[in-house]
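K.L.:
Have a look; sequence and predicted model below, questions after that.
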Amino acid sequence: MLSYNTPIPVNGQNAGPTAGMSARPPFKTVGNNGSANGVSSNDAVSGTGRHAPEEQHIWLVTGPAGCGKSTVARYLAESLHWPYIEGDEFHPPANIEKMSAGIPLTDADRWDWLTALREASIRTLDQGNSGVVLTCSALKRKYRDVIRVAPYFTPNLHLHFIYLDASEEILLQRVLARQNHYMGANMVHSQFEALEPPTPAETDVIRIDVSRPADMVMADALNQVLHTIDGIQKDQSQ
Ligand SMILES: Nc1ncnc2c1ncn2[C@@H]1O[C@H](COP(=O)(O)OP(=O)(O)OP(=O)(O)O)[C@@H](O)[C@H]1O
Ligand SMILES: O=C(O)[C@H](O)[C@@H](O)[C@H](O)[C@H](O)CO
């Protein structure tokens, strides 16, 4: 279900302002944008005058609170020299207040946040980056579908979800162990109530078992990302 006022970016241009979105996104750049992949901002210029590498990737690290999204996203961004967007920084203050008070977000609370994240990732790629890593719980299928609008008009843009999979018990332990976070352990159950784990039909999803130690999880995620890029490159060279 797309809401009636969802602006859809066409070739990287926003159709209009998005409620709840800051004028300049608080994305974090980790490393040397794009150049590590042999792609500079001058490599290709699209018909819109937009400077862009030939193939671009959005890597969306997803899953419920405490599954390790930030841990994995930071590692991928550092390893692959891509910018990193922390999705939680795009929540409007009202959402943070709700979650801090132990009140789960609704679909309406999340909707503009999702479109803001989608547009922020496109803007980051428009700056000449070949990839961007983004964290976003994306708990439900329809939330993932909001992000799936991103490549509609940009054939060289590849969207990938990295779903971090672990049981409620494990995530409860991890959230209980961490300090100074607005998302309390009392919210973990509601995250699992909302969760619609990706189905096999969602073929753009890489699933990672995060019940394992963090170093194994990060290595697995990096391997799967490199393998996916390799597969796309091989397909295109045929
Ligand atoms: N594989 C792992 N094994 C054990 N601990 C982990 C693992 N991955 C992350 N952690 C720890 O679990 C906690 C949550 O991790 P992290 O902040 O990366 O999750 P998150 O999904 O980004 O959380 P949130 O969305 O609630 O901000 C942190 O204290 C982190 O150090
Ligand atoms: O959709 C949601 O309910 C939210 O995005 C949460 O998942 C939190 O922001 C995040 O996990 C921080 O703990």
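P.N.:
Nice, thanks for sending it over. Ligands and ions are numbered 1, 2, ... in the order given.
K.L.:
CA atoms for contacts and neighbours, from now on please.
P.N.:
Noted.
K.L.:
longest strand of the protein?
P.N.:
strand 157-165 (DSSP state E).
K.L.:
Against Met187, how distant is Leu176?
P.N.:
11 Å (Cα to Cα, to the nearest Å).
K.L.:
More neighbours: which of the two?
P.N.:
Between Leu176 and Met187, counting by other Cα atoms under 10 Å, Met187 is the more crowded of the two (20 against 15).
K.L.:
Settle this for me: that one is touching Gly102, isn't it.
P.N.:
Yes: counting by Cα atoms under 8 Å, Gly102 is a contact partner of Met187 at 6.0 Å.
K.L.:
circling back: does ligand 1 have contacts with the longest strand of the chain?
P.N.:
No: using Cα under 6 Å from any ligand atom, we find that strand 157-165 stays clear of ligand 1, coming within 8.3 Å at best.
K.L.:
is that strand anywhere near ligand 2?
P.N.:
No: Strand 157-165 stays clear of ligand 2 (Cα under 6 Å from any ligand atom), getting no nearer than 11.8 Å.
K.L.:
which secondary structure elements does that strand contact?
P.N.:
Packing partners of strand 157-165 (3 or more Cα pairs under 8 Å, 6 or more residues apart in numbering; DSSP states H and E): strand 56-62, strand 205-209.
K.L.:
Single out the most deeply packed of those strands.
P.N.:
Each of these was scored by mean neighbour count; the highest is strand 56-62, a mean of 25, by mean count of other Cα atoms under 10 Å.
K.L.:
who does that strand pair up with?
P.N.:
Paired neighbours of strand 56-62 in the sheet (DSSP bridges): strand 131-135 (parallel), strand 157-165 (parallel).
K.L.:
Which residues does that strand contact?
P.N.:
69, 72-73, 121, 125, 129-139, 156-164 (Cα atoms under 8 Å, 6 or more residues apart in numbering).
K.L.:
can you redo the strands paired with strand 56-62 as a markdown table with mean pLDDT, distance to Gln236 and mean neighbour count?
P.N.:
Below are these laid out as a markdown table (pLDDT from 0 to 100; distance: least, Cα to Cα, whole Å; neighbours: other Cα atoms under 10 Å):
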| stretch | mean pLDDT | distance to Gln236 | mean neighbour count |
| --- | --- | --- | --- |
| strand 131-135 | 98 | 18 | 29 |
| strand 157-165 | 98 | 13 | 22 |
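K.L.:
quick one: which of those strands is nearest Ala94?
P.N.:
strand 131-135 (19.3 Å; Cα to Cα).
K.L.:
so which residue of this structure comes closest to ligand 2?
P.N.:
Ala65 (3.3 Å; Cα to the nearest ligand atom).
K.L.:
tell me the SS of that residue?
P.N.:
Classification of Ala65 by DSSP: H, G, I helix; E, B strand; the rest coil places it in coil.
K.L.:
Leu114: neighbouring residues, count only.
P.N.:
Around Leu114 there are 22 other residues, counting by other Cα under 10 Å.
K.L.:
What does the pLDDT read for it?
P.N.:
On pLDDT, Leu114 comes in at 98.
K.L.:
What of Thr154?
P.N.:
pLDDT, Thr154: 88.
K.L.:
So it belongs to a helix, correct?
P.N.:
No: counting by three-state DSSP, Thr154 is located in no helix; its state is coil.
K.L.:
Surely Leu171 and Ala65 touch.
P.N.:
Yes: using Cα under 8 Å, Leu171 is in contact with Ala65, at 7.4 Å.
K.L.:
Mind listing the shared neighbours of these two?
P.N.:
Val188.
K.L.:
got the end-to-end distance for stretch 96-113?
P.N.:
Termini of stretch 96-113 sit 12 Å apart (Cα to Cα).
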